[in-house]
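Asks: Mind looking at a prediction? Sequence and model below.
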Amino acid sequence: MKSRRFIIVFWVLLLVPALIIGAVAFRLLVHEQERINRSAITALTGRARIIAQGIHSTVKEVEDNLSEALIGIDEDRLQSTLLEWEETNPLVRNVFIWNRHDLLEYPVKGMASTLEERQFMSRFDLFFSGEKAFKADSDQAVEEQEMNFKSSKDSLFDLARGRTMPLTSNRQEKNTAIQGSKPDISGFTPKRGWIAWFARDQLFVLGWVKKKAGGPVYGIELELATLLSRLIVDLPPMEKKGVSFAILDSRQRIIHLSGNAEVNNTRTGDILLPLSRLLPHWQISVYMDKKASARGKGFLYVSLLLLFIFMAAMISGGLFLTIQARRHMKDAMEKTSFVSSVSHELKTPLTSIRMYAELLLDGRVRAPGKTKHYLTIMVAQSQRLTRLINNVLDFGRLEQGRKVYNIGKIDLQQTLSMIIDAHTIRIKEAGFKIVNGIKEARTAKSHLITLSDPDALEQVVVNLMDNALKYAKEGKFISFTFEHGLNSVMDCIFVKICDHGPGIPEAHKEAIFEKFYRIDNSLTSTFPGSGLGLSIARQIMRDLGGDLFFEPGPEKGSCFIMRIPKR
C-alpha cells in the first residue's frame, strides 16, 4: 500500500511540472512563430513600400520631364510640335490646345476628328467645355477631385450619361508656380498641372501647361501602357519561393506580376499598399502561397517535435523509474520471502540434527540398529543443510558474476553415474525407483569426453533431483537418460532427468527458471522452498556453455533437459 502511494506521489510530482513546462513552452513557441510571421510580413511590407516609392519616383520624373518639355515648346510651332509628339513619343496618347475663350482649338470637334480624339474629348469634356477650370496642383484641387470621384462611385446616373469625375492630382504641393521659370512681362508665372481622371472607373492622366497670361492651355494625355512598361522595371524578380508582387489598376485587375506564388484575379492579396499618389487607386499587392506559409511554420513544427520528444523523454524516464522501483520493490519482497523460506528450510534440518544428537547424547538410544539409523538421518540432514547453504552462496556469486568454475576434461558418463550412485540411498529412502539409462547407454567412449566442471554439474543434477523428491512423490520413480546428437549450433550431449509427478503447467515453463519464482498452487504451498534451485541450475549450465530447459513428460510429469556442449 505504501509503495502504491509512493508511485502515485512520484507521478504527481513528475506530471504536474511536466505539463506546466509543456504548456508554457507551447505558448512561447506559438508566440515566437507569430513573431516570425509578423517579421516576415513586415519585411515584405517594407519591400513593397520601397517598390512603391521607386514607381512613384519614376512617374514623377516622367511627369516633370514632360512638363518641362511642354513649357519649352516654341509658341509659333505649338500645334505642329504637339502633333509630332503624338506621332513619335510613345508616352503621348493625345494632345490638345484650349484657348482663353474656352474653345478647343485642337482636336477639332465634329466628324473631322478621329474616334480616339472624340473619346478623348468626351473623357475631359468638363475641362474642355469650361465647366471645370484647369487648376495648378493644390490641396483644394485634391480635396475637390477626391470628393468628385467618391460621388462618381455612387452616381449611376452620371455613369449612364458617360460623364467623368476627377479623383486627385498627381501632387499635393501648395506651391503652384514652376520653380525656375521666368515670369513674362506682365508678371505672370507659367503654371502646370497633372490631372488624374476617372472615366467609367478607368484611370486617365492629363498633363497641361499655361505658359503666359492670356495664352492657351495645352498639354498631353499620357499613354499608360507605355508608362507601365517603365514602371515594371522597378518591380524586381522575386527570389523567395511562394511570394509574388503584383501591380493592380483601379479596377483591381493585375496588370503586372512578378514572383512564383499562385495568383488569380479573384484572390485578394495578403498585403495591399497604395502604389503612388500620382496613380490614385492603383495598388501594389503581395501574395503568399499557403505552402510557403506552411514552410514558414517549420520552426514551430520542429520546435513542437523537440518539445514532444522532451515530454516523451520525461514521461519515459518516469515510466522507467516506476518500473525499476516496482521491480526493486518486488525484488525486496522476494528477498524477504526468500530469507523467510531459507530460514525455514535451514531450521528443518538443524532441528532434526539437534533432536537426534540430543537423544544420542542423553544415552536414551541403546540399540545399535537404532543408533545407526539416527546417525544416518543426521548425515542426510547435514547434507541437505550443506546443499541449501551452497545454493545461497552460489546465488550470491552468480548475481555478482564471481562464481569460479574448475573446467577440466571429464568422462561425462562416468561423472553422472557417480553423482547418481552418491544419492541412490537418499532417493530410495524417499520411496523412488531409479531408472538409470546413463549407465546402460552404449556410446563410443570419445563421444562422452568433454570439458566441464564436475562439481557444477553435480550441483545442477542434485537441484533437479531435490525438486523431483519434493514435488513428485506420487510418481515413485526418477529416470536418467542419455542422448547424443547434433543440433543446429554445435555437437551436444543431452541428459534428461524426468519424474512421473503432477508436472508443470505450460504457462509456467519459462517462468520457473526466474529467481524466487514459485508456482502458486496447493503443491508448492505444502512444500516451502526458496525458488532458487532452477534459476541457479540454468545459470550454471549457461556459464558452462550449455543450457537447461523444460518439457512435459511423455505421459505426465516433468522432464528437465541438460544440454552439455562437447568440446
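Replies: Cool, the structure landed.
Asks: Extract the residue ranges of the stretch 401-550 of the chain that are flagged as low pLDDT.
Replies: For the stretch 401-550 of the chain, the stretches flagged by pLDDT under 70 are 439-447, 475, 484-490, 518-531.
Asks: How about the secondary structure of Leu359?
Replies: helix (DSSP: H, G, I helix; E, B strand; the rest coil).
Asks: Just the pLDDT for it.
Replies: Among the per-residue scores, Leu359 holds a pLDDT of 79.
Asks: Surely it and Val365 touch.
Replies: Yes. Leu359 is in contact with Val365 according to C-beta atoms under 8 Å; the separation is 5.5 Å. Just so you know, the C-beta spots here come from the backbone N, C-alpha and C atoms, and that holds for glycine as well.
Asks: Can you check which residues contact both of the two?
Replies: Listed as contacting both Leu359 and Val365 by C-beta atoms under 8 Å, 6 or more residues apart in numbering are Tyr374.
Asks: Find the nearest non-adjacent residue to Lys515, please.
Replies: The shortest distance from Lys515 to any non-neighbouring residue, by C-beta to C-beta, 6 or more residues apart in numbering, is to Ser535 (4.3 Å).
Asks: from memory Arg49 sits against Pro274, does it?
Replies: No. Using C-beta under 8 Å, Arg49 makes no contact with Pro274, being 9.9 Å away.
Asks: Same drill for Leu359 and Val365, tell me which one is more crowded.
Replies: Legend: neighbour count by other C-beta atoms under 10 Å for Leu359 and Val365, higher for Val365 (17 against 14).
Asks: tell me the SS of the more buried one?
Replies: coil.
Asks: pretty sure Phe198 contacts Leu279?
Replies: No. The pair Phe198 / Leu279 is not scored as a contact, 11.6 Å apart, by C-beta under 8 Å.
Asks: Touching both of these two, which residues are there?
Replies: Joint contacts of Phe198 and Leu279 (C-beta under 8 Å, 6+ apart) do not exist.
Asks: more crowded one of those two?
Replies: Legend: neighbour count by other C-beta under 10 Å for Phe198 and Leu279, higher for Leu279 (25 against 22).
Asks: give the contact list for that one.
Replies: Counting by C-beta under 8 Å, 6+ apart, Leu279 makes contact with 55, 59, 196, 203, 205.
Asks: can you rerun that using 7 Å?
Replies: Counting by C-beta atoms under 7 Å, 6 or more residues apart in numbering, Leu279 touches 59, 203.
Asks: ok, it to Ala48 distance?
Replies: Distance, Leu279 to Ala48, by C-beta to C-beta, to the nearest Å: 15 Å.
Asks: Please apply the same query to Val243.
Replies: Applying C-beta to C-beta, the value for Val243 to Ala48 is 11 Å.
Asks: Spit out the residues that contact those two alike.
Replies: Contacts common to Val243 and Ala48, judged by C-beta under 7 Å, 6+ apart, are Val286.
Asks: all helices for the stretch 151-300 of the chain, in order.
Replies: 156-161, 224-231, 290-296, 298-362 (DSSP state H, counting those that start in this stretch).
Asks: Same question for the helix or strand containing Lys372: list its buried residues.
Replies: Assessed by DSSP states H and E, Lys372 sits inside helix 368-400. Buried residues in helix 368-400, counted by 16 or more other C-beta atoms under 10 Å: 374, 377-378, 380-381, 384-385, 387-388, 391-392, 394-395, 398.
Asks: same check, this time on stretch 544-553
Replies: For stretch 544-553, the neighbour count (16+ other C-beta under 10 Å) marks 544-546, 548, 550, 553 as buried.
Asks: Likewise for stretch 36-53?
Replies: Applying a neighbour-count criterion of 16+ other C-beta under 10 Å, one finds 40, 44, 47-48, 51-52 buried in stretch 36-53.
Asks: Closest to Lys212 out of the residues you listed?
Replies: Nearest to Lys212 out of the buried residues of stretch 36-53 is Ala52 (C-beta to C-beta; 36.9 Å).
Asks: Next, the angle helix 298-362 makes with the helix or strand containing that closest one.
Replies: Ala52 belongs to helix 2-71 when assigned by DSSP H and E. Per axes from the mean of the first three to the mean of the last three C-alpha atoms, to 10 degrees, the angle that helix 2-71 makes with helix 298-362 is 170 degrees.
Asks: Now do helix 2-71, average pLDDT.
Replies: According to the model, helix 2-71 has a mean pLDDT of 83.
Asks: That one versus helix 224-231: what angle between them?
Replies: For helix 2-71 against helix 224-231, the angle by the same axes, to 10 degrees is 120 degrees.
Asks: which helices and strands does helix 2-71 pack with?
Replies: When contacts are defined as 3 or more C-beta pairs under 7 Å, 6 or more residues apart in numbering; DSSP states H and E, helix 2-71 packs onto strand 191-199, strand 202-210, helix 224-231, strand 243-248, strand 271-276, strand 279-288, helix 298-362.
Asks: Which is the succeeding secondary structure element to it?
Replies: Toward the C-terminus, helix 2-71 is succeeded by helix 78-88 as the next helix or strand (DSSP H and E).
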